[in-house]
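Asks: give me the fold of what follows.
(chains A and B)
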Amino acid sequence: MKGARPFVSMTISVNGKSMEIPVGTTVDGLLTLLNVKREYTAVAVNRDITPKSTYTAVTLSEGDKVEIVRPMGGG
Amino acid sequence: MYDTNLVLGGKEFTSRLIVGTGKYSSMDVMRDAHEASGTEIITVAVRRVSLPSGESILDYIDTKRYTLLPNTAGCYTADEAVRTCYLAREAGLGEMVKLEVIGDQRTLFPDVQGLLEATKTLARDGFIVMPYSNDDPVMARKLQDAGAACVMPLGAPIGSGLGIRNPYNIKIILETVTVPVIVDAGVGTASDAAIAMELGCDGVLMNTAIAGAHDAVAMAKAMKLAVEAGRLAYKAGRIGKKLYATASSPLEGLPDWTS
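Replies: Reported below is the predicted structural model:
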């Protein structure tokens, strides 16, 4: 197919689960892919917290460990 | 009677009851219990989003009305606890944190060494640190010196409902520190909360006692009343304890029934 780029995927871990995503996916892209609301959510990549302002700038790499958290019931 | 507000990190609160969001039978019951408790501060845990993500607990908490207090429950090292607080702050949950560094799985007693270390780090980084601690007055002073906004000694193990097991230590803590003292954990029923407040504590934090009660909403109201009653009794100044009776009625003026 002319103009079509081959879909190249990479494997990352999201909240402990292995996941295949397209190469070049940003944190913002991942959240959209997973349909996760941005409000009251925080993301850490390889133990480092990703500030909300950099979601579109941070591109994920093969083997990255992503944690996405939000408030849950607790005391 | 005139009373001051509870002040934590410069923020003032009228209610002295802090409640949780865990273990409720339903989200509707939780919301109604929060309402009945009169609370202004609500604790939440910070956990992985379930995928696919469903409804959020914050759909049931009016964040304009309540101050959220993210906790670090489940953290066993200072590093984990500190990272959790940063995550909570980045998530937009504010700067007030209920700091827990757990030292033992079975008792959930705090690891006070880790707690002190994490308190120092977080206070330095601008957090309003509310550390869940044991009922040790020496540790309470160290936490205060480390920059804690209050100290939160346990009344008994988390979720145990055993009440205030060492009121004397709580009393000594109250004399040792100048920051607010909030009893966190161990409360089982209303009288436990009242006892904490009668001792002079500045507040009580609880989750299971309300969430686990047969009627959580009714218990939430009971806790509200108990905290208020205990506070009022403390401010009123109770009578001293005596071994023998002191008559309440005058001894003079009794009719003479002798014949």
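
Asks: in the stretch 151-259 of chain B, what residue is nearest chain A?
Replies: B:Asn207 (2.7 Å; CB to the nearest CB). Quick note: C-beta positions are derived from backbone N, CA and C, even for glycine.

Asks: where is the longest strand in chain B?
Replies: strand B:41-48 (DSSP state E).

Asks: just checking, what packs against it?
Replies: strand A:65-73, strand B:17-19, strand B:67-70, helix B:78-90 (3 or more CB pairs under 8 Å, 6 or more residues apart in numbering or on different chains; DSSP states H and E).

Asks: which residue ranges form the helices in chain A?
Replies: With helices called from DSSP state H, chain A shows them at A:27-34.

Asks: return the residues of it in contact with chain B.
Replies: A:14-17, A:34-37, A:39-44, A:47, A:49-52, A:67-75 (CB under 8 Å from any CB of the partner chain).

Asks: do the longest helix along chain B and chain A meet at all?
Replies: Of all the segments of type helix in chain B, defined by DSSP H, the longest one is helix B:216-236. No: using CB under 8 Å from any CB, helix B:216-236 stays clear of chain A, with a minimum separation of 12.6 Å.

Asks: what's B:Leu51 in contact with, if anything?
Replies: Applying CB atoms under 8 Å, 6 or more residues apart in numbering or on different chains to B:Leu51 gives the contacts A:14-15, A:17, A:34, A:36.

Asks: can I assume it sits in a helix?
Replies: No: counting by DSSP: H, G, I helix; E, B strand; the rest coil, B:Leu51 falls outside a helix, being coil.

Asks: ramachandran angles for it?
Replies: Main-chain torsions, B:Leu51, degrees, to the nearest 10: phi -110, psi 130.

Asks: give the contact list for the residue of the stretch 151-259 of chain B closest to chain A.
Replies: B:Asn207 touches A:74-75, B:19-23, B:43, B:159, counting by CB under 8 Å, 6+ apart.

Asks: recalculate using a threshold of 7 Å.
Replies: By CB atoms under 7 Å, 6 or more residues apart in numbering or on different chains, the contact list for B:Asn207 reads A:75, B:19-20, B:22-23, B:43.

Asks: quick revisit: whichever of the residues of chain A next to chain B end up buried, select them in ChimeraX.
Replies: Selection of buried members from the residues of chain A next to chain B for ChimeraX, criterion 16 or more other CB atoms under 10 Å in any protein chain shown:
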select /A:14,15,34,36,40,41,42,43,44,49,50,52,67,68,69,70,71,72,73,74,75
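
Asks: count the neighbours of residue 30 for me.
Replies: Picking chain A for this. 22 (other CB atoms under 10 Å in any protein chain shown).

Asks: oops, wrong one, chain B.
Replies: Count around B:Met30 with other CB under 10 Å applied: 26.

Asks: quick revisit: quick one: pLDDT of the residue of the stretch 151-259 of chain B closest to chain A?
Replies: B:Asn207 is assigned 97 on the pLDDT scale.
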